[in-house]
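K.L.:
This is a predicted model, with the sequence first.
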Amino acid sequence: MRKLLSVALVFVAILGLLSATMALGAEDYPSKPIKLVVTYKPGGGNDSTARVFSKYAQEFLGEPLIVTNIDGAGGVVGARNVLESKPDGYTLLWMHEALITGHYAGMQNFTWKDLTPICQAASTSDVIVVKADSPIKSVSDLIAMAKVNPKKIRMPINIGATTHFEAAAIDVASGGGNLVLVSSGGGADRIQKLLGGFYEAASLNLATALGYIKDGQFRALAVTSPKRSPFLPNVPTMLESGYKVKKPYTLNVYGPPNLPQAMAVKLSQAFEKMCKDTRVKADLAKFASAPSYLNTDQLVSLLQEEDQIFGNLAKVAGIGKK
Amino acid sequence: MVNRDRFLGVGLLLLCGLLYAEIGQVEMPTYDLLGSALFPKATLISIAVLSAILAIKPGVEAGQDSTKWFKAKNILFLCLAAAYLSLLSFGFGFLLSSFFFVSLMMILIEWPCRPKFCARAALVSGVSSVSVYWVFNNLLQLLLP
Amino acid sequence: MSELALSGIVSTLKFFPLAMLTLGTFSGIVFGAIPGMTASMGIVLFLPFTFKMDPISSIALLIGIFTGGISGGLVSATLLRMPGTPSSVTTCFDAYPMAQKGEPGKALGIGILSSFVGGITTAVALVFIAPPVASLAIKMGNFEYFSLGVFALSIVIALSKGSMVKGLISGGLGLLFAMIGSAPVDMAPRFTFGMNSMVGGFDLLSVLIGLFAVSQIISDVASEFGVLVPKVDTKKVFPGFSVFRGEKMNLIRSTLIGFFIGILPGIGGATANVIAYAEAKTHSKTPELFGTGIKSGIIASESSNNATIAGALIPMLTMGIPGDAVTAVLIGGLMIQGLQPGPLLFKANADFVYSVFTSVFLANWIMFAMMIFGIRFFIKTLSIRKTYILPLIVLMCIVGSFALNNRMFDVWSLFFFGLIGYVLEKASFPLTPIILGFVLESLIETNLRQGIMSSSGSFLPLVSRPVSLLFLLLAAGSIVLPLLRQFYGRREAFQK
């Protein structure tokens, strides 16, 4: 009996010790580390820009912002994880336009409206490139060639992702049905195949393409963002070239539905300060991105505008039709 | 042994049938010639054919385990593991759940055992749970449940 | 140019970078040796620490983890029959039996030595042939990858011990498990049964650790043995190079296989060690001894997996394209330091590139020293009563599988596969084809579908493109030859 009692005592003691180490404290927000969900594997553009902010977040928020990678299904798995998590302010989503395009491509049965948009943090751009030895010298060349040689110009896309919509927009501008859209892997895969001659042109994320453009192996035809990129000031935008292809590439912070307003505001203000910080700007520049702050209301109106653009494009190009 | 292989073959065949029906329900916009249902269907058919061969002509295995597949301890371990994962999934916290799991698992392996061992197991389990938690959650910033 | 090379090498030989290299290699070995934790996990976890360091030290740390991690896998493979990383799966087959027969030190020694030779030769090759080899690699397109995948899958026949039907079913099951989740190309949800958590599919590691490690744990829990590793005298464990007598071809071939698979983006150590092992078995004079504790198996597996490290670095450094999952994270790590992997790197930061070469070269030596001296330690530690070891291993596996994607789903799948592995082994189904099928499914399906898209529906390039045709013929050969052998019995005429 004595032995049993002492065993029970040891158990209880250890239990007490463990409970004590589990600090609670729910007074002030934030009071423990915040999880920032990145919907792709580590090492990509989304992930790297998130890590820049996570590096400095503790100074501005009081608690660390920890990047947590949950990838799968082109971002849907991670986004859904945040959608279904508690709106206690400790789980946030870091995602770009894929949140909108995924919905229109039929892969995601929820949309940005189901989450709580908090703010915009950074922006970068995609750039349309060809190999340096290609006869295509500008976007109009590309589209002209597509019209003349239907089904001979191959461009890589990720179905349901932003690249799909970009290429579809270019195709529509050339009359529709002229480009061969080939499903591909991520940026690195596209670079590899472009180098190997398997595509005639490709849309690449600026961060990965910049090295090749500067080295002279790729020629940049145009950037797809609404404004020129500070990293490629001499390259025109698609809009400037006369084509209605406007694909912003912005990184936004979202929270789960029903997130209390006070928390959203606090986070938004912290990001505003971070975006003004020169160190953040310098770090983001390494990934050809720039800090770009929009508060909640501004973000919502931007999202509504983008929603319309992508929705219309999906209808015209036949994306998401069964 | 012969019966077992036949049984497995038939079981696999049925499973393939079920899965084939499931895949037939996939309805997605088609972007390429082959579609997403082709490979699963082809694989299911191949497995079905092989299972049929297995059922008809079962192999004679010299090394097959003729003893019971599941001893009491195996089953208990699986139940313990299920309980542990459920605790983790429903928010009991990594520290507490791991502590219980590790101590109980040690007791299970060592059973029958004396209370003195149980106390030692609890201690080791407490120390290891805390250190794992500390290394991964705090040091390496991998947020555990 | 050689001025920069020299400065690159010298800058790596300072105290802090070397300290980081040593720390990295040590941590890598620890991560690799613990089942459930891998090199890539180690790299991701240590990445934030590198932000505050200078580029040379940060890459030294990461390469140390990479090298240590891949090598460390052989420890648990040998002593516990649980591969520490996907690159050490086939090491289990011969190292474990050898250890169980009372020679764990010898088994570990052979593994370590093979890892060293595979790693160091490719580290040197890396310096001299990186750019030209890389430009060959990019000529591989969708059809070539598909055919390569089919060839790799065909060797599952060679691996089947015993019933070929069961081996094929295992391969099919592996393919099937990989198809669960969103399909490649159009992300259609397959076999998800309406559950959202299944949409991401299963992670290779949950499947691997579940099938091999957890199933072993389930079995060990109830086994009669008190310890997992036989207590042996660990005095004379240092292996000499004499272990390689008669194994020259094996060593060379396995290293080359690992090197080239590492170079090909999209395929890594998991496939390399299986192919090397299968090829070693096919070309051996005593294939029936594979799986009983023959040193050829260990040599093939361990030399190839270390060779993939240098191989994977080639496309990363020359083109900024990751050769495997680990190098994908390394690229991010370099970019945050302001270095752009790719053609510019050789031109603008040649000294850094040579620093990387130096780190890779030295990491192999450090790994070798640490592991050889660690043999005694590994054996002693794992000779503790299994009661203490097994629960800790389970804990590590759970943390490791959770770390994959930060969800409990992967932990549940870990145990699901553990159960499946346990049952299948009792029913005499080989487990390796399952892993092979799982790893290769995406390669095969994705590339065929993408290829068809780019050729606008034509299957012709499969045979009209020479490399693709070559792999398909090799695949046909791998299937037909063993079948003939089985039908007509072993004949000298069929030996290559």
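P.N.:
Noted; the coordinates are in hand.
K.L.:
rest of the way, CA atoms for contacts and neighbours
P.N.:
Noted.
K.L.:
and the end-to-end length of stretch A:237-254?
P.N.:
Counting by CA to CA, to the nearest Å, you get 28 Å between the two ends of stretch A:237-254.
K.L.:
no wait, stretch A:124-142
P.N.:
For stretch A:124-142, the end-to-end distance is 23 Å (CA to CA).
K.L.:
who touches whatever residue is furthest in space from the centre of chain B in this structure?
P.N.:
Here the centre of chain B is the reference, and by CA atoms, centre = their mean the most remote residue is residue B:33, at 36.1 Å. Residues near residue B:33 by CA atoms under 8 Å, 6 or more residues apart in numbering or on different chains: C:449, C:452, C:453, C:457.
K.L.:
One more: residue C:131?
P.N.:
Counting by CA under 8 Å, 6+ apart, residue C:131 has contacts C:314, C:318.
K.L.:
How about the secondary structure of it?
P.N.:
helix (DSSP: H, G, I helix; E, B strand; the rest coil).
K.L.:
Low-confidence ranges, chain C, go.
P.N.:
For chain C, the stretches flagged by pLDDT under 70 are C:1, C:157-162, C:231-239, C:485-486, C:489-496.
K.L.:
Quick check: residues of chain A near chain C?
P.N.:
A:42-44, A:48, A:68-74, A:77, A:107, A:151, A:154, A:158-160, A:180-184, A:188-189, A:191-193, A:195-198, A:208, A:211-212, A:214-215, A:283, A:286-287 (CA under 8 Å from any CA of the partner chain).
K.L.:
which parts of the lengthiest helix in chain B are buried?
P.N.:
When chain B is parsed with DSSP state H, its longest helix is helix B:2-23. Under the neighbour-count criterion of 16 or more other CA atoms under 10 Å in any protein chain shown, helix B:2-23 has B:5, B:6, B:7, B:8, B:9, B:10, B:12, B:13, B:16, B:19, B:20, B:23 buried.
K.L.:
Could you export that helix as PDB, keeping only the C-alpha atoms?
P.N.:
Taking C-alpha atoms only, helix B:2-23 is exported to PDB below (Å, rounded to 0.1, in the frame of the first residue of the first chain):
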ATOM      1  CA  VAL B   2      -2.500 -21.400 -48.700                       C
ATOM      2  CA  ASN B   3      -5.800 -20.300 -47.300                       C
ATOM      3  CA  ARG B   4      -4.300 -17.000 -46.200                       C
ATOM      4  CA  ASP B   5      -3.000 -16.100 -49.600                       C
ATOM      5  CA  ARG B   6      -6.300 -16.900 -51.200                       C
ATOM      6  CA  PHE B   7      -8.100 -14.800 -48.600                       C
ATOM      7  CA  LEU B   8      -5.700 -11.900 -49.200                       C
ATOM      8  CA  GLY B   9      -6.100 -12.100 -52.900                       C
ATOM      9  CA  VAL B  10      -9.900 -12.000 -52.800                       C
ATOM     10  CA  GLY B  11      -9.800  -9.200 -50.200                       C
ATOM     11  CA  LEU B  12      -7.600  -7.100 -52.400                       C
ATOM     12  CA  LEU B  13      -9.800  -7.700 -55.400                       C
ATOM     13  CA  LEU B  14     -12.800  -6.400 -53.500                       C
ATOM     14  CA  LEU B  15     -10.900  -3.400 -52.400                       C
ATOM     15  CA  CYS B  16      -9.900  -2.600 -55.900                       C
ATOM     16  CA  GLY B  17     -13.500  -2.800 -57.000                       C
ATOM     17  CA  LEU B  18     -14.600  -0.400 -54.200                       C
ATOM     18  CA  LEU B  19     -11.800   2.100 -55.100                       C
ATOM     19  CA  TYR B  20     -12.600   1.800 -58.800                       C
ATOM     20  CA  ALA B  21     -16.200   2.900 -58.100                       C
ATOM     21  CA  GLU B  22     -14.900   5.800 -55.900                       C
ATOM     22  CA  ILE B  23     -12.600   7.000 -58.700                       C
END
